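1. sequence and predicted structure, then a few things I'm wondering about:
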Amino acid sequence: MDRIGCTPERAMRRSACIRTEPSWRALAASLRDRQAFRCVYVVGAVDTGKTTLCRYLRRVLSRYGPVAYLSADPGQSTVGPPATVGLSLCAKRHHTRWLRFLGVTSPARCTPRMLNAVRELARLARRRGARWLLVDSCGFAIGKKGRAYQRRMIARLRPHEVVAIQRKDELEPLLRNLSEARRARLHRLTVARYVAVRNRVMRRRYREERFRAYFRSAHEVVLRVNRLRGVPLDAEEVSKRHSNDRLAALVDRQGNARILVLLLGPGPTPNTVRCLAPRFRPRGPMSLVCGCLRLDRAGHEIHTETSAATTRNG
């Protein structure tokens, strides 16, 4: 596997110590009896236990067939580093991962790319023989904008099952439309009593820890860059268009993010760029996709911008 595969979904593997609810066991039994491919979309506000539920469902269902898990929260990703969405397929004790690089940690800032990435990964899971696909959505589900985002995500995925975890009836405005459309079978669950609440500072620290762990063994390398959107560029143009410490990714022809890098500036020769990258082995032609996020060496976010660019790595 590539370097990103070395960032394991450790939270997903700690399933042996999950505290379950009776409603979770009933849900798992209901899904287990389904014979055809099932896409299960788990929706809820922040700190409602969506990821823990997905861990439990994956542990139970993996006894009966291949299970795919799609982490659709670029800010709190459990498959790859932040600023990515990832798919993990567990089949016959083998784990395979695919990542899509978004370059931001807020899905609201890249909704079209987010929708396309999730749909591509969902289709990939089905092609690879998954019997169940568990989609762990982000917590952007409350309020007018949150409901609109979730409606677009559900419309794009067309899940067979929608599992809603809510406090009181906070998701009912969203679920009411789904019930009327009758596009998916709804499962309403309450938030477990033991779910931990994390504030914004704690979530930011989680991202910083993930970035620090990812770049801990990184070293400086020089990449050859031939084109930017079809326009030849030199070292000065790289310096102007890509400010220092911008997060980027090397992406293969299938759109898989092979490795994340931090751009440091122009290289020693024309058409080269310096970057901080973990050790990896290039496999075929790849593109350098630049995100909107800037980080320092400690993993702290410097600031964000609204544009992104793609270059071709020769």
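-> Sure, I can see it.
2. what about the strands in the stretch 151-300 of the chain?
-> 161-166, 185-190, 219-228, 231-232, 246-251, 257-266, 272-277, 286-295 (DSSP state E, counting those that start in this stretch).
3. now render the ones you listed as CSV, adding distance to residue 70 and mean pLDDT.
-> Bear in mind the C-beta positions are built from the backbone N, C-alpha and C, glycine included. What follows is the strands of the stretch 151-300 of the chain, written out as CSV (distance: least, CB to CB, whole Å; pLDDT from 0 to 100):
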stretch, distance to residue 70, mean pLDDT
strand 161-166, 14, 96
strand 185-190, 18, 94
strand 219-228, 30, 74
strand 231-232, 35, 41
strand 246-251, 18, 90
strand 257-266, 15, 90
strand 272-277, 26, 87
strand 286-295, 20, 86
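4. and the ones you listed as TSV, adding mean neighbour count and distance to residue 196?
-> Below are the strands of the stretch 151-300 of the chain laid out as TSV (neighbours: other CB atoms under 10 Å; distance: least, CB to CB, whole Å):
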stretch	mean neighbour count	distance to residue 196
strand 161-166	24	14
strand 185-190	16	16
strand 219-228	15	36
strand 231-232	10	49
strand 246-251	25	28
strand 257-266	23	28
strand 272-277	20	33
strand 286-295	22	26
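5. quick one: closest of those strands to residue 20.
-> strand 185-190 (11.7 Å; CB to CB).
6. by mean pLDDT, point me to the weakest helix or strand of this protein.
-> strand 231-232 (a mean of 41; mean pLDDT, DSSP states H and E).
7. returning to that earlier point: got CSV for the strands of the stretch 151-300 of the chain, with distance to residue 99 too?
-> Below are the strands of the stretch 151-300 of the chain laid out as CSV (distance: least, CB to CB, whole Å):
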stretch, distance to residue 99
strand 161-166, 24
strand 185-190, 28
strand 219-228, 19
strand 231-232, 28
strand 246-251, 8
strand 257-266, 4
strand 272-277, 15
strand 286-295, 11
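8. which one of those lies closest to residue 113?
-> strand 286-295 (10.3 Å).
9. now that closest one against strand 246-251, angle please.
-> 160 degrees (axes from the mean of the first three to the mean of the last three CA atoms, to 10 degrees).
10. name every strand pairing with strand 286-295 and say which way it goes.
-> Sheet pairing of strand 286-295 (DSSP bridges) gives strand 246-251 (antiparallel), strand 301-304 (antiparallel), strand 309-313 (antiparallel).
11. now the shortest one: mean pLDDT?
-> Averaged across strand 301-304, pLDDT comes to 69.
12. how deep is residue 32 tucked in, by neighbour count?
-> The local packing of residue 32 (other CB atoms under 10 Å) involves 16 other residues.
13. which SSE is the nearest residue to it once chain neighbours are set aside in?
-> Once flanking residues are discounted, residue 32 sits nearest to residue 64: 5.8 Å by CB to CB, 6 or more residues apart in numbering. Assessed by DSSP states H and E, residue 64 sits outside every helix and strand.
14. contacting residues around the closest residue to residue 84 other than its chain neighbours?
-> In space, and not counting its chain neighbours, residue 84 is closest to residue 99: 4.8 Å by CB to CB, 6+ apart. With contacts defined as CB atoms under 8 Å, 6 or more residues apart in numbering, residue 99 is in contact with 4, 79-80, 84-87, 256-257.
15. which of those residues fall within strands?
-> When those are checked against strands (DSSP state E), the matches are 84-87, 257.
16. give me the pLDDT value at residue 133.
-> For residue 133, pLDDT reads 97.
17. any idea how far it lies from residue 183?
-> 16 Å (CB to CB, to the nearest Å).
18. the more surrounded of the two?
-> residue 133 (27 against 15).
19. for whichever strand or helix holds residue 126, C-alpha coordinates in PDB please.
-> Assessed by DSSP H and E, residue 126 sits inside helix 111-127. Taking C-alpha atoms only, helix 111-127 is exported to PDB below (Å, rounded to 0.1, in the frame of the first residue of the first chain):
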ATOM      1  CA  THR A 111     -19.700  20.500  -1.600                       C
ATOM      2  CA  PRO A 112     -19.500  19.700  -5.400                       C
ATOM      3  CA  ARG A 113     -16.200  17.900  -5.000                       C
ATOM      4  CA  MET A 114     -17.300  16.200  -1.900                       C
ATOM      5  CA  LEU A 115     -20.400  14.800  -3.600                       C
ATOM      6  CA  ASN A 116     -18.400  13.600  -6.500                       C
ATOM      7  CA  ALA A 117     -15.800  12.000  -4.400                       C
ATOM      8  CA  VAL A 118     -18.300  10.100  -2.200                       C
ATOM      9  CA  ARG A 119     -20.300   8.900  -5.200                       C
ATOM     10  CA  GLU A 120     -17.100   7.600  -6.900                       C
ATOM     11  CA  LEU A 121     -16.000   5.800  -3.700                       C
ATOM     12  CA  ALA A 122     -19.500   4.300  -3.200                       C
ATOM     13  CA  ARG A 123     -19.400   2.900  -6.800                       C
ATOM     14  CA  LEU A 124     -16.000   1.600  -6.200                       C
ATOM     15  CA  ALA A 125     -17.100  -0.300  -3.100                       C
ATOM     16  CA  ARG A 126     -19.900  -2.000  -5.100                       C
ATOM     17  CA  ARG A 127     -17.600  -2.900  -7.900                       C
END
